[in-house]
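In: Fold the following, please.
(chains A and B)
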Amino acid sequence: MSELLTPSQTVGPYFAMRLPWADGPFVVPEGAPGAITIIGRLYDGAGNVIPDGLIETWQADPDGRFAHPDDPRGPVPGGYKAFRGFGRAQTELDGSFKIVTLKPGPLPFGDGQVEAPHIDVSVFARGMLDRSVTRIYFPDEAELNEADPVLRAVPAQRRSTLIAAAVADGLLRFDVRMQGDQETVFFDL
Amino acid sequence: MTVSEQRAPGRGLVVPETGELALPTYAKPGPGNHPPLDYPGYKSTALRHPKQPLVLLPHRLTEVTGPLLGDSLITMQDADLTTQHAGEPQGQRIIVFGQVRDSGGRPVPDTLIEIWQTNAAGRYRHSREHHPAPLDPNFDGIGRAITDAGGRYRFVTIQPGSYPWGNHYNAWRPAHIHFSLFGRAFTQRLVTQMYFQGDPLLAYDPIYQSVPDEKARERMVGQFSLEDTQPEWALAYKFDIVLRGREASVFEEAHA
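Out: Model prediction:
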């Protein structure tokens, strides 16, 4: 038995009435030990910023684990109490967004393979009838990135669109481009 | 003991013999179930859809888990949009209720639902909204609820209005309520809109019509229910929401 799904529709221009939360961008509280900040901008196909977008992130904790019944390992006891795993940020008038989080750990993938540390990202906006899904990888994980089974499935010349740039200590940049020469890689989930 | 004997339906587990993780995967939507990202009838899609081919993302730990956001976000008034101010809002009081389940028919419990909508006059409470219809000081048009153990939810609100938009000449959105749902996994995340049975504007709305499969489209239409209508008080609309369901399991090593 398999029912039809409720179809996706756009978040439209007015989602900011409800969806942004005051602590949305803070996967961990600002100033938490080991916190990193990821900044970026969302661009449309004309190279203009998208000022009415919503970015959501979901990720493992620094041990590569999830507080969720489908990760049967669960978090390491005494692990990361203030860590929510989930982040939500609306884009500002200049298309910018910011997420404060902890760097996730590597994850078991099966067959002895390992997934490099990554953050799953959903992009929503007016003009998007469904979300677009991408991933953030980390620039200081060259070796694990090289072996990552998901990155390896991405055409080599496009992989760099998925790897955040180091800006300063604890500060990374990840821009999202919906179209164009540097179009971000999006996934079929 | 075999894996199938140990595993609660659809739950991940560690297989003792191998130390691998058995994870659920989620069924792909059928063709035409979701709208295309590039839909010329809705002009704003033109510059906001990916043009390169999508890359297949296997369902692994990050995809089969998701935020389980509990009641800490919710207050009593959140599910009743008519009692968030000192006075009562203008308009037709309605009850919007239903069940969240997956495509295998399993209820989705304890999942956050967030809604937003216009007031009775078709006006959103938003700084960038310029439709010349009155705001209602007693109506914000935003709500939250958590599904119960059976996946059920219930909002009390006001029948939203229709409003014009700039997509094409004489374009009007059919009355709708925006719904945002998490489900239990990243794969199940859904943002949709609930429409109203019998709305003549549905036939002309490119956002509604963007869903190719007519039967899937109808899933977005709340159905009037006389049985659930409360005498002398409020009309009721039933809106069940179906998220992606689980299929087989894959195995992963627990100790990377």
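In: Please make it C-alpha for all contacts and neighbour counts, starting now.
Out: Will do.
In: from chain A, which residue is nearest to chain B?
Out: A:Gly110 (3.6 Å; Cα to the nearest Cα).
In: Was I right to think that residue contacts B:Ala22?
Out: No. Checked against Cα atoms under 8 Å, the pair A:Gly110 and B:Ala22 is beyond contact range at 9.6 Å.
In: mind checking pLDDT for the spatially closest residue to A:Ala164 that is not a sequence neighbour?
Out: Once its chain neighbours are removed from consideration, A:Ala164 has its nearest residue in A:Phe174; the separation is 4.8 Å (Cα to Cα, 6 or more residues apart in numbering or on different chains). pLDDT recorded at A:Phe174 is 98.
In: can you pull the contacts of A:Phe174?
Out: The neighbours of A:Phe174, taking Cα atoms under 8 Å, 6 or more residues apart in numbering or on different chains as the test, are A:38-41, A:136, A:162-165.
In: I'd like to know the phi and psi angles of it, please.
Out: According to degrees, to the nearest 10, the main-chain angles of A:Phe174 amount to phi -140, psi 100.
In: cool, the one 10 residues further on as well?
Out: Here the main-chain torsion angles of A:Thr184 (degrees, to the nearest 10) amount to phi -60, psi 150.
In: Wait, it touches A:Leu162, no?
Out: Yes. Judged on Cα under 8 Å, A:Thr184 makes contact with A:Leu162 at a distance of 6.8 Å.
In: Mutual contacts of those two, please.
Out: Residues touching both A:Thr184 and A:Leu162 (Cα under 8 Å, 6+ apart) are A:Thr134.
In: related to what we said a few turns ago, mind checking which of the contacts of A:Phe174 are in strands?
Out: When the contacts of A:Phe174 are checked against strands (DSSP state E), the matches are A:38-41, A:136, A:165.
In: low pLDDT regions in the stretch 101-250 of chain B?
Out: Low-confidence segments of the stretch 101-250 of chain B, defined by pLDDT under 70, span residues B:248-250.
In: How about the residues of it by chain A?
Out: Listed as neighbours of chain A in the stretch 101-250 of chain B under the rule Cα under 8 Å from any Cα of the partner chain: B:102-105, B:114-116, B:124-126, B:128-129, B:142-143, B:178, B:186-187, B:190-193, B:207-208, B:211, B:215-217, B:219-220, B:241-244.
In: could you redo the last one with a cut-off of 6 Å?
Out: B:103-104, B:142, B:191-192, B:219, B:241-243 (Cα under 6 Å from any Cα of the partner chain).
In: most surrounded residue in these?
Out: Highest neighbour count within those, by other Cα atoms under 10 Å in any protein chain shown: B:Leu243, with 29 neighbours.
In: More neighbours: A:Gly110 and B:Ala22, which one.
Out: More crowded of A:Gly110 and B:Ala22, by other Cα under 10 Å: B:Ala22, with 26 against 19.
In: Please report how far the more buried one lies from A:Val150.
Out: 19 Å (Cα to Cα, to the nearest Å).
In: all helices for the stretch 1-150 of chain B, in order.
Out: Shown for the stretch 1-150 of chain B, the helices assigned by DSSP state H, counting those that start in this stretch span residues B:3-6, B:61-64.
In: Least reliable of those by average pLDDT, please.
Out: Among those, helix B:3-6 scores lowest, at a mean of 37.
In: rewinding a little: a markdown table for the contacts of A:Phe174, including neighbour count?
Out: Output for these, formatted as a markdown table (neighbours: other Cα atoms under 10 Å in any protein chain shown):
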| residue | neighbour count |
| --- | --- |
| A:Ile38 | 21 |
| A:Ile39 | 18 |
| A:Gly40 | 18 |
| A:Arg41 | 21 |
| A:Ile136 | 20 |
| A:Leu162 | 22 |
| A:Ile163 | 23 |
| A:Ala164 | 21 |
| A:Ala165 | 20 |
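In: residues near residue 95, how many?
Out: I went with chain A, as the question did not name one. Under the criterion other Cα under 10 Å, the count of neighbours that A:Gly95 has is 21.
In: wrong chain, I was asking about chain B
Out: Around B:Ile95 sit 23 other residues, with neighbours defined as other Cα under 10 Å.
In: Tell me which residues touch it, please.
Out: Remark: with contacts taken as Cα atoms under 6 Å, 6 or more residues apart in numbering or on different chains, B:Ile95 is in contact with B:155-156, B:236.
In: Using a markdown table, lay out these together with secondary structure.
Out: Formatted as a markdown table, those follow (DSSP: H, G, I helix; E, B strand; the rest coil):
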| residue | secondary structure |
| --- | --- |
| B:Phe155 | strand |
| B:Val156 | strand |
| B:Ala236 | strand |
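In: And the pLDDT for the closest residue to A:Glu146 other than its chain neighbours?
Out: Spatial nearest neighbour of A:Glu146, chain neighbours left out: A:Arg152 (7.2 Å); criterion: Cα to Cα, 6+ apart. According to the predicted model, the pLDDT of A:Arg152 comes to 97.
In: what residues does chain A put near chain B?
Out: In this structure, chain A approaches chain B at residues A:1-3, A:5-9, A:18, A:44-45, A:70, A:72, A:108-110, A:127-129, A:178-179, A:186-189, judged by Cα under 6 Å from any Cα.
In: In strands, which of the residues you listed appear?
Out: By the criterion of DSSP E, membership of the residues of chain A next to chain B in strands covers A:108-110, A:187-188.
In: Show me the residue sitting in the middle of chain A in space.
Out: Centroid check for chain A by Cα atoms, centre = their mean gives A:Val121 as the closest residue, at 3.1 Å.
In: after the longest helix along chain A, next one along is what?
Out: If you go by DSSP state H, chain A has its longest helix at helix A:142-147. Scanning the chain past helix A:142-147 towards its C-terminal end, the next helix or strand to appear is helix A:149-152 (assignment: DSSP states H and E).
In: Quick check: buried residues in that following helix?
Out: In terms of neighbour count (16 or more other Cα atoms under 10 Å in any protein chain shown), helix A:149-152 has its buried residues at A:149-151.
In: and if you look at stretch B:27-34?
Out: By neighbour count, and taking 16+ other Cα under 10 Å as the criterion, the buried residues in stretch B:27-34 are B:27, B:29, B:32-34.
In: Any chance you could list what contacts that stretch?
Out: Judged by Cα under 6 Å, 6+ apart, the contacts made with stretch B:27-34 from elsewhere in the structure are A:7-8, B:211-213, B:216, B:245, B:247.
In: at 8 Å instead, please
Out: Under Cα under 8 Å, 6+ apart, the answer for stretch B:27-34 is A:4-8, A:130, A:189, B:211-213, B:216-217, B:244-247.
In: how far is that stretch from where the chain is centred?
Out: Stretch B:27-34 sits 16 Å away from the centroid of its parent chain (Cα atoms, centre = their mean, to the nearest Å).
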